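Peer 1: task: produce atomic coordinates for the following.
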Amino acid sequence: MHQTKLIDLLKSFSDKEIRQFEDFVASPFFNKNQDLLKLLRHLKKYYPEFTHNQVDKSIIFKKLFGKAVYNDQKMRTRGSQLYRLGIQFLEQLGMSNSYMSGELFGLEELINRKQDRLISYHFKQIQKKFENPNAKNELYFLHLSTFYEWQKNYYLEALSGAEFKHFKEKEEQAYSQTLTSYYLLKLLRQYALWLNLNNIYQLDMDLQFYEEVIELLMPLLNHEEPIILMTYTLAQMLRTREEKHYHTLKKLVTQFEEQLTKNQLEDFYINLENYCLKEGRRTGDVRFTEELFQLYQFELERKIPIQNGEIPRTWFSNFATIGTHLKHTDVAEQFIQQYQKYLPETVRTNTANFCMSYIRFYQSRFQEALQYLMWVNYDGFYDKIDYRNMLVCIYYELDETEALYAQIDAYKHFLNNNKHIMAEDRLLIFSNFIRFVSRLLKLKESVGDYKDPHLLEDLKNCKQITFGNWLREKANRLQENKKQSAFRE
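Peer 2: Next comes the predicted model:
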């Protein structure tokens, strides 16, 4: 049963969920086939990898049916039945995690059964829960508008004309406001998604419809829901790229942090991070790098990056390398030692060693940096580029001239052979890096009167480049050495 939908589904369950699923299958309300409970309890012993030979169908068949002749169709049927129970379990889990959906379904049943005394009680109980939500999102506004609609329909039948008129005047504005909030938030989130996709893939989509509807709906709200205001500001930041929207969004997220779920916080911070990354890359302004590191530290304090017990590799690397770039090497190294255990096991060693190489490089401990880098074995495309960038810089500092020339040549061929799969801005960043390293090396190895008088100016004007500060520092030092040599002569 190793390569089946059932095994794939069970692998996706957390430790808590696999225990809950066993309780679910053991419940007679959901399952009356004891074979399925036996099958799950057998498979559970080999969770989460399910690679043991005891997961083989023929062995499981004997566990379930004793000495009976093996019947593959019977095993497939039991596997399919348990898989369907797994999907039902996820449906129940989703309903319990979805804000108020269970209460609303229960209320609907009471209304259908015309249980007036119970309905009135549950109206009040559900109203209280809506007044004190843990967080607000599209589902909150959708469920609240559904609640108002059911109230209206129920009282339309239950109350006299005068009583209903009083109720209608009281509730109609709240209903329309809630419904508008739902559609506006839904539109804003979709609009922000398309803006992000436009920026990433240069889609050049026409989003005028979204913009017109959003500008029409925003003034209709006579109150400012923080989640709507934050999402609107996010969309403005993505659309205009103006820095004022970044600072407004950051302030709002900090101010209303307690009203957001962890997923909402993560979503806003990812967008704030991406803004700093892109603007820093576009302008070369170190302020954006400093802002980015502040965001990372803020997130780490709140354990936002830790999802299902793991920190994404890219986030981990960015924290360590950006902290090092800003000369917070002690903070970066302490972070690596404390948090590398949260990296996915498949990338843990490579990522930690690369980050340590980066730190040792900026501490001018170049041999150690090279040693850490030699322990790295990257497979990913952009990982290989990061590796090459680091190796080029280390060879330059160690005066490994022949190795550096060979690495530069190999790097140029690598970029040329893969330019069709790289975004233009990223190709330009890496091409500029290797071009300026080549100019530095030529000046460094030159004898006589050879000069590169525009090197510093060209580096200063080049915004789209990696290791820009290091390159400018090396160029300055070479120019000073050349001047001193000329003076002595």
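Peer 1: show me what secondary structure element comes after the strand or helix carrying Lys278.
Peer 2: In the assignment (DSSP states H and E), Lys278 maps to helix 262-283. Sequence order places helix 286-301 as the next helix or strand after helix 262-283, per DSSP H and E.
Peer 1: CA atoms only for the helix or strand following that next one, dumped as PDB, please.
Peer 2: Per DSSP H and E, the first helix or strand lying C-terminal to helix 286-301 is helix 313-325. Written as PDB, here are the backbone C-alpha positions of helix 313-325 (Å, rounded to 0.1, in the frame of the first residue of the first chain):
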ATOM      1  CA  ARG A 313      14.700  27.600   4.200                       C
ATOM      2  CA  THR A 314      14.500  30.900   2.300                       C
ATOM      3  CA  TRP A 315      13.300  32.800   5.400                       C
ATOM      4  CA  PHE A 316      16.100  31.200   7.500                       C
ATOM      5  CA  SER A 317      18.800  32.100   4.900                       C
ATOM      6  CA  ASN A 318      17.600  35.700   4.500                       C
ATOM      7  CA  PHE A 319      17.600  36.300   8.300                       C
ATOM      8  CA  ALA A 320      21.200  35.000   8.600                       C
ATOM      9  CA  THR A 321      22.600  36.700   5.400                       C
ATOM     10  CA  ILE A 322      20.900  40.000   5.800                       C
ATOM     11  CA  GLY A 323      21.800  40.200   9.500                       C
ATOM     12  CA  THR A 324      25.400  39.500   8.500                       C
ATOM     13  CA  HIS A 325      25.300  42.100   5.800                       C
END
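Peer 1: distance between helix 313-325 and the chain's centre?
Peer 2: 15 Å (CA atoms, centre = their mean, to the nearest Å).
Peer 1: residue closest to the middle of the protein?
Peer 2: Residue closest to the average C-alpha location in the chain (CA atoms, centre = their mean): Ile270, at 6.3 Å.
Peer 1: pLDDT wise, what is it at?
Peer 2: On the pLDDT scale, Ile270 is placed at 95.
Peer 1: list the contacts for it?
Peer 2: Neighbour list for Ile270: empty [criterion: CB atoms under 8 Å, 6 or more residues apart in numbering]. Every residue, glycine included, has its C-beta placed from N, CA and C.
Peer 1: 10 Å instead?
Peer 2: Asn196, Leu295, Glu299, Ile304, Trp315 (CB atoms under 10 Å, 6 or more residues apart in numbering).
Peer 1: would you reformat those residues as CSV and include pLDDT and distance to Glu49?
Peer 2: Converted to CSV, those look like this (pLDDT from 0 to 100; distance: CB to CB, whole Å):
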residue, pLDDT, distance to Glu49
Asn196, 92, 36
Leu295, 97, 36
Glu299, 95, 31
Ile304, 93, 29
Trp315, 95, 26
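Peer 1: and which of those residues is nearest Gln464?
Peer 2: Using CB to CB, Asn196 comes nearest to Gln464 of the contacts of Ile270, at 20.6 Å.
Peer 1: give me the neighbour count for the closest one.
Peer 2: Applying other CB atoms under 10 Å, we find 16 residues neighbouring Asn196.
Peer 1: distance of it from Glu299?
Peer 2: 19 Å (CB to CB, to the nearest Å).
Peer 1: off-centre distance for the host helix or strand of Leu139?
Peer 2: Using DSSP H and E, Leu139 sits in helix 138-158. From the chain centre to the centre of helix 138-158 is a distance of 34 Å (CA atoms, centre = their mean).
Peer 1: in it, which residues are buried?
Peer 2: Neighbour-count burial for helix 138-158 flags 138, 140-148, 150-151, 154-155 (criterion: 16 or more other CB atoms under 10 Å).
Peer 1: okay if I get the contacts of Ile270 as TSV plus distance to Leu398?
Peer 2: Compiled in TSV, the contacts of Ile270 are given as follows (distance: CB to CB, whole Å):
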residue	distance to Leu398
Asn196	41
Leu295	34
Glu299	36
Ile304	39
Trp315	31
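Peer 1: quickly name whichever of these is closest to Lys483.
Peer 2: Leu295 (41.5 Å).
Peer 1: need the contact list for the closest one.
Peer 2: Lys250, Val253, Tyr269, Ile270, Leu272, Glu273, Tyr275, Cys276, Ile304, Phe319, Ile322.
Peer 1: for the closest residue to the second one other than its chain neighbours, what are its contacts?
Peer 2: Think Val253. If you skip the residues right next to it in sequence, Val253 has Phe268 as its closest partner in space, 4.9 Å away by CB to CB, 6 or more residues apart in numbering. The contact partners of Phe268, by CB under 10 Å, 6+ apart, come to 227, 230-231, 233-234, 249-250, 252-253, 256-257, 260, 304.
Peer 1: among those residues, which two are most distant?
Peer 2: Thr233 and Ile304 (19.2 Å).
Peer 1: name the nearest residue to Gln479, ignoring sequence neighbours.
Peer 2: Going by CB to CB, 6+ apart, Gln479 has Leu456 as its nearest residue, at 6.4 Å.
Peer 1: His52 and Ile270: what is the separation?
Peer 2: From His52 to Ile270 the distance is 38 Å (CB to CB).
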